[in-house]
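Participant: From the sequence below, what's the structure:
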Amino acid sequence: MRALLLWHSAEEIEHKSVAFDVYRAVGGGYLVHMLGLVLAAASLLFFWRAGARHLRRQEEGLSWAGVRQTRRRAREMGLETQWLRIGIRSYIVLGFHPDNVDNYHIARDYLASVEGAAAFT
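Facilitator: Below you'll find the model as predicted:
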């Protein structure tokens, strides 16, 4: 599953601007941009939590106390929602474009590592 998610993430980075460019080409403005952010964030958090609850129920020996402790450690390290805050801050800026977030190197590096590994299997 990890390999699938990593590959999918790299693939999403490769074409991250396509939907945004189409949105702009059909006249999409800032208000809908912000409404989309609110809707997407609420949906993501809802389904993320539902999925986490579902997976937690399947994991024997994992207590809610353990989950809370892990979340507390992540929060203390600034990792729990730091990536979300950074993404939202860049997204709400007037003139935002996905290409302004320079993360193509992540996709290139991962895909190169997969291609290199595939050559030896």
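Participant: quick one, helices of this protein?
Facilitator: In the chain, the helices defined using DSSP state H lie at 2-14, 18-25, 30-58, 64-76, 82-91, 104-119.
Participant: Could you tell me which residues within the longest one count as buried?
Facilitator: Applying a neighbour-count criterion of 16 or more other Cβ atoms under 10 Å, the buried positions in helix 30-58 are residue 33. (Glycine included, C-beta is placed from N, CA and C.)
Participant: so which of the helices of the chain gets nearest residue 98?
Facilitator: For those, the distance to residue 98 is smallest for helix 18-25, at 5.2 Å, taking Cβ to Cβ.
Participant: Now do the closest one, average pLDDT.
Facilitator: Averaged across helix 18-25, the pLDDT comes to 94.
Participant: Give me the phi and psi for residue 96.
Facilitator: phi -60, psi 140 (degrees, to the nearest 10).
Participant: Give me the number of neighbouring residues for it.
Facilitator: Residue 96 has 14 neighbouring residues, counting by other Cβ atoms under 10 Å.
Participant: ok, the nearest residue to residue 67 once chain neighbours are set aside to residue 92 distance?
Facilitator: If the residues on either side of it in the chain are set aside, residue 67 comes closest to residue 56, at 6.5 Å by Cβ to Cβ, 6 or more residues apart in numbering. According to Cβ to Cβ, to the nearest Å, residue 56 and residue 92 sit 32 Å apart.
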